[in-house]
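Undergrad: Have a look at this fold, sequence not included:
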Ligand code: SAM
Ligand code: SF4
């Protein structure tokens, strides 16, 4: 067994951890959650100390980037305390966060000061009524104010994320890109994944490919493929004459597993080796049975990486993965 670095059986080095700090959220985006969600009981969520210990183990094993996610990471109590502690981990190059943006008006500056270097902000519509319908509880005004506040706080390379669904918001692709470009922000367009059983719509009917999204953009802008990467699954194109990059995340139409460098921790402490696969390690059981035993924890993580699958298989016609994206950590 290899030690002190995480290399899977397919030769991929795992240096990126997506850490879900809560499964809870103030929104109920219809592709992400059911209207009535049962959340994990609080005692089953990893504590701040446990989240820190797990992160420290991963950084010791060569992880260089951690993205905090959820659920909505900003609803987790004492999130700034966790950010401050993680930002000081020796060896960690980047601490980032994915958020729905609704709390950023007040939180962007404190997050910057605590040590978050980059933010991804999810926004699927610029139309207030549609935004409310898509998120069930969200206010577009709050998110826009949050984005303004992030621009003032001078984060590096802030990126917007938009899940595009045919017949739902595919008429806003150009508007969303325009919004990002006008502010010098990057934007990634995401294909919807069949994670979790939902009743709001049939995912098969709302599928739209990155290729179709790109064709819409190319009616307005010249896009030139770029080899740039932010360490995630986006494939980027530069917008000729503008500062922004446009990313395409294509889990359905264009499998990106060959270059997969990441694993995910769910808020209740399961290490998921692949987004599209239930194969996992119960990290919570290990740290609660053997508190403080970092050697054992690292040993178990190394052994789990040996089980990382080669690729995911998503079929929008059927739900193989019962967990929702809020559990998985986007
Ligand atoms: N609450 C935060 C947010 O919305 O940015 C962080 C967690 S959220 C699960 C992370 C990302 O996953 C968001 O950009 C969201 O749009 C995306 N997402 C959620 N469910 C999805 C699905 N079924 N398919 C594709 N993307 C999804
Ligand atoms: Fe909440 Fe993010 Fe899921 Fe929307 S996508 S319900 S904001 S966790």
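TA: In hand now; what should we look at? Everything numeric here is computed off the predicted structure, so don't read it as measured data. Ligands and ions are numbered 1, 2, ... in the order given.
Undergrad: And the helices in this protein?
TA: Listed in chain order, the helices of the chain (DSSP state H) span 48-60, 79-87, 104-114, 128-135, 140-152, 173-182, 203-206, 210-217, 283-289, 294-305, 325-328.
Undergrad: any idea which of those helices scores lowest on pLDDT?
TA: When the helices of the chain are ranked by mean pLDDT, helix 325-328 comes last with a mean of 62.
Undergrad: coming back round to it: deepest of the helices of the chain, which one?
TA: helix 325-328 (a mean of 25; mean count of other C-beta atoms under 10 Å). Glycine gets a C-beta too; all of them are placed from N, C-alpha and C.
Undergrad: Contacts for stretch 129-143, please.
TA: Contact with stretch 129-143 is made by 26-30, 35, 100-105, 121, 123-128, 168-169, as judged by C-beta atoms under 8 Å, 6 or more residues apart in numbering.
Undergrad: Which of those fall in strands?
TA: residue 121 (DSSP state E).
Undergrad: filter the contacts of stretch 129-143 by proximity to ligand 1?
TA: Restricting these to those within reach of ligand 1 (C-beta under 6 Å from any ligand atom) leaves residue 100.
Undergrad: And ligand 1, is stretch 208-223 touching that?
TA: No - using C-beta under 6 Å from any ligand atom, stretch 208-223 stays clear of ligand 1, with a minimum separation of 11.9 Å.
Undergrad: Run through who's touching that stretch.
TA: Applying C-beta under 8 Å, 6+ apart, the external contacts of stretch 208-223 come out as 164-166, 170, 173-174, 177-178, 181, 189, 191, 235, 237-242, 246, 248-250, 252-254.
Undergrad: repeat that for 6 Å
TA: Under the contact criterion C-beta atoms under 6 Å, 6 or more residues apart in numbering, stretch 208-223 has outside partners 164, 166, 170, 173-174, 177, 189, 237, 239-240, 248, 250, 253.
Undergrad: Buried ones among these?
TA: Neighbour counting with 16 or more other C-beta atoms under 10 Å marks 164, 173, 177, 189, 237, 239, 248, 250 as buried within the contacts of stretch 208-223.
Undergrad: Ignoring the adjacent residues along the chain, who's closest to the last one?
TA: Okay, so that is residue 250. Ranked by C-beta to C-beta, 6 or more residues apart in numbering and with sequence neighbours excluded, the top spatial neighbour of residue 250 is residue 210, at 4.2 Å.
Undergrad: can you tell me how far that neighbour sits from ligand 1?
TA: Using C-beta to the nearest ligand atom, to the nearest Å, residue 210 is found at 12 Å from ligand 1.
Undergrad: Next up, the contacts around the nearest residue to residue 106 once chain neighbours are set aside.
TA: Counting by C-beta to C-beta, 6+ apart, residue 106 lies nearest to residue 149, which is 7.8 Å off, once chain neighbours are set aside. Going by C-beta under 6 Å, 6+ apart, residue 149 touches 104-105, 108.
Undergrad: Equivalent analysis for residue 184, please.
TA: Taking C-beta under 6 Å, 6+ apart, we find residue 184 in contact with residue 243.
Undergrad: and the gap between residue 171 and residue 126?
TA: 11 Å (C-beta to C-beta, to the nearest Å).
Undergrad: out of the two, which sits in the more crowded spot?
TA: More crowded of residue 171 and residue 126, by other C-beta atoms under 10 Å: residue 126, with 17 against 14.
Undergrad: Show me the one of the helices of the chain that comes nearest residue 229.
TA: Proximity to residue 229 (C-beta to C-beta) singles out helix 210-217 among the helices of the chain, at 15.9 Å.
Undergrad: so how far is the closest one from its chain's centroid?
TA: In terms of C-alpha atoms, centre = their mean, to the nearest Å, the centre of helix 210-217 is set 22 Å apart from its chain centre.
Undergrad: Residue 17 and residue 181, how far apart?
TA: Taken as C-beta to C-beta, the span from residue 17 to residue 181 is 31 Å.
Undergrad: for ligand 2, what are the nearby residues on the stretch 101-250 of the chain?
TA: Within the stretch 101-250 of the chain, the residues that sit near ligand 2 (C-beta under 6 Å from any ligand atom) are residue 122.
Undergrad: Near ligand 1, which residues of the stretch 101-250 of the chain? Just list them.
TA: Proximity of the stretch 101-250 of the chain to ligand 1, by C-beta under 6 Å from any ligand atom, involves residues 122, 161, 163, 190, 192-193, 195.
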